[in-house]
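Asks: sequence and predicted structure below; questions after.
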Amino acid sequence: MITIDGSEGEGGGQVLRYAAALSLLTGEPFTIRNIRGGRAKPGLMRQHVTALEAAAAIGSAECSGLAVGSTELTFRPGSVVPGEYHFAIGTAGSTALVVQTVLVPLMLADVPSRIVIEGGTHAASAPPFEFLAHTLLPVLERMGPRLSVTLERHGFFPRGGGRIVLDITPAPLVPIDCTQRGAFKAGKVEALVAGIPFDIADRELKAARKVLTDWPEDAFAPVQLPAEHGPGNALLITAQCDNVTEVMSAFGQIGIPAERLAKTAAKRMAGYLASGAFAGPYLQDQLLLPFACAGAGAFTTVKLSEHARTAAGLITRFTGRAFHFGEDGEGRWLVRMD
């Protein structure tokens with residue numbers, strides 16, 4: 001039984017998701033105490049419960065202590081059973097982070113799976129749907145599996161109500177090299193609004209345009225969604241390069257000016273493009289588990305996040321495999337397993 005202190009490292013929900021996925025992949029049970037001990041409100045939230053419920057469902061696992069507010073649980077995995085599953089978070093909790101929990105185990109199953117998840121698709125502190133569709137899954141497909149995800153309905157904070165459908169055709173994972181991003185090909189900035197004043201989109205686009213001054217005028221576009229999908233707002237900044245497409249995002253919040261959110265997201269994209277790195281801040285920690293399962297691989301990234309360091313530490317605890325971190329001489333981080 002592996003014992004984990006949930007307050008160490010990243011100190012949030014990622015520890016839970018990674019531990020559950022690793023448990024399914026290795027057959028190792030675990031106990032985690034001080035769940036989300038590094039957060040202002042410790043304990044399980046609804047989206048964490050759903051992620052662990054999903055892991056238990058696909059992995060025939062026993063999980064005790066699984067309840068909203070719980071600060072300790074024990075997870076005993078069984079065999080991964082691919083198939084069709086439906087999980088509803090019931091809040092605006094992130095559907096993408098539930099995907100993070102079950103994706104790699106199902107990528108290594110013996111038959112395809114279809115996963116329907118309801119909850120938040122565009123909310124703070126989590127990658128949006130577009131990151132799954134355009135950034136993460138295309139990179140993972142290069143490792144062998146066939147992956148696709150469809151957005152059936154947007155879900156913004158606090159209402160939620162979004163719905164995505166994930167299709168996974170498994171295959172053995174082959175190592176890939178993700179050190180070279182390649183040339184920048186095209187950029188796009190979209191301001192999504194649903195059930196809120198349309199001028200918010202215009203303000204966000206104007207602020208983003210002041211940062212991304214070399215992007216053409218037609219790269220900036222407002223998107224009016226049906227009012228029943230809201231209320232909500234998201235700014236999506238997409239950079240398509242030869243070898244990867246990166247998505248930066250910002251989400252409307254009460255009390256924070258739209259211009260400030262847009263400026264921050266645009267600066268993050270400008271910094272990513274200037275770095276020459278392959279992986280942005282969300283992608284880096286989500287590449288670690290599939291690379292570990294493949295047994296080798298490398299990628300360059302921007303400043304290494306605490307999420308990535310925590311994930312790498314958990315991988316070593318469950319598998320004995322270690323990643324090597326260092327600078328590549330060009331100001332980027334190089335992450336390698338060999």
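Replies: Thanks, I have it.

Asks: SS state for the one residue sitting closest to the centre of the chain?
Replies: The residue lying closest to the centre of the chain (CA atoms, centre = their mean) is Pro127, at 4.8 Å. Look at Pro127: counting by DSSP: H, G, I helix; E, B strand; the rest coil, its state is coil.

Asks: can you check Arg181 too?
Replies: On the basis of three-state DSSP, Arg181 is classed as coil.

Asks: bridging residues for the nearest residue to Ala186 once chain neighbours are set aside?
Replies: Residue nearest to Ala186 in three dimensions, not counting chain neighbours: Gln240, with 4.7 Å by CB to CB, 6 or more residues apart in numbering. (Each C-beta comes from the backbone N, C-alpha and C, glycine too.) Under DSSP bridges, the beta-bridge partners of Gln240 are Ala186, Thr245.

Asks: how near is Gln240 to Leu205?
Replies: Separation of Gln240 from Leu205 (CB to CB, to the nearest Å): 19 Å.

Asks: ok, Ala123 next?
Replies: If you go by CB to CB, the gap between Ala123 and Leu205 works out to 21 Å.

Asks: can you give me phi and psi for Glu62?
Replies: phi -100, psi 130 (degrees, to the nearest 10).

Asks: for the nearest residue to it once chain neighbours are set aside, the count of nearby residues, please.
Replies: Nearest residue to Glu62 in three dimensions, chain neighbours excluded: Arg76, at 4.5 Å (CB to CB, 6+ apart). The number of residues packed near Arg76 is 18, by other CB atoms under 10 Å.

Asks: Thr31 is in contact with Arg76, correct?
Replies: No - with contact defined as CB atoms under 8 Å, Arg76 does not count as touching Thr31 (9.7 Å).

Asks: which residues does Leu16 contact?
Replies: Taking CB atoms under 8 Å, 6 or more residues apart in numbering as the criterion, Leu16 is in contact with Gly6, Ile32, Ile35, Arg36, Leu44, His48, Ala51, Leu52.

Asks: and what of Thr50?
Replies: Taking CB under 8 Å, 6+ apart as the test, what Thr50 contacts is Phe87, Ala88, Ile89, Gly90, Gly93, Val98, Gly119.

Asks: just checking, it is part of a helix?
Replies: Yes - assessed with three-state DSSP, Thr50 lies in a helix.

Asks: quick one: it from Gly93, how far?
Replies: In this view, Thr50 and Gly93 are 7 Å apart by CB to CB.

Asks: what does Met337 give?
Replies: In terms of CB to CB, Met337 sits 31 Å off from Gly93.

Asks: please list all residues in contact with the residue nearest to the centre of the chain.
Replies: Pro127 neighbours (CB under 8 Å, 6+ apart): Ser94, Ala96, Thr135, Leu136, Val247, Ser249, Tyr282.

Asks: in JSON lines: those, plus secondary structure and neighbour count.
Replies: JSON lines is the format used below for the contacts of Pro127 (DSSP: H, G, I helix; E, B strand; the rest coil; neighbours: other CB atoms under 10 Å):
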{"residue": "Ser94", "secondary structure": "strand", "neighbour count": "30"}
{"residue": "Ala96", "secondary structure": "helix", "neighbour count": "26"}
{"residue": "Thr135", "secondary structure": "helix", "neighbour count": "23"}
{"residue": "Leu136", "secondary structure": "helix", "neighbour count": "25"}
{"residue": "Val247", "secondary structure": "strand", "neighbour count": "24"}
{"residue": "Ser249", "secondary structure": "strand", "neighbour count": "25"}
{"residue": "Tyr282", "secondary structure": "helix", "neighbour count": "21"}
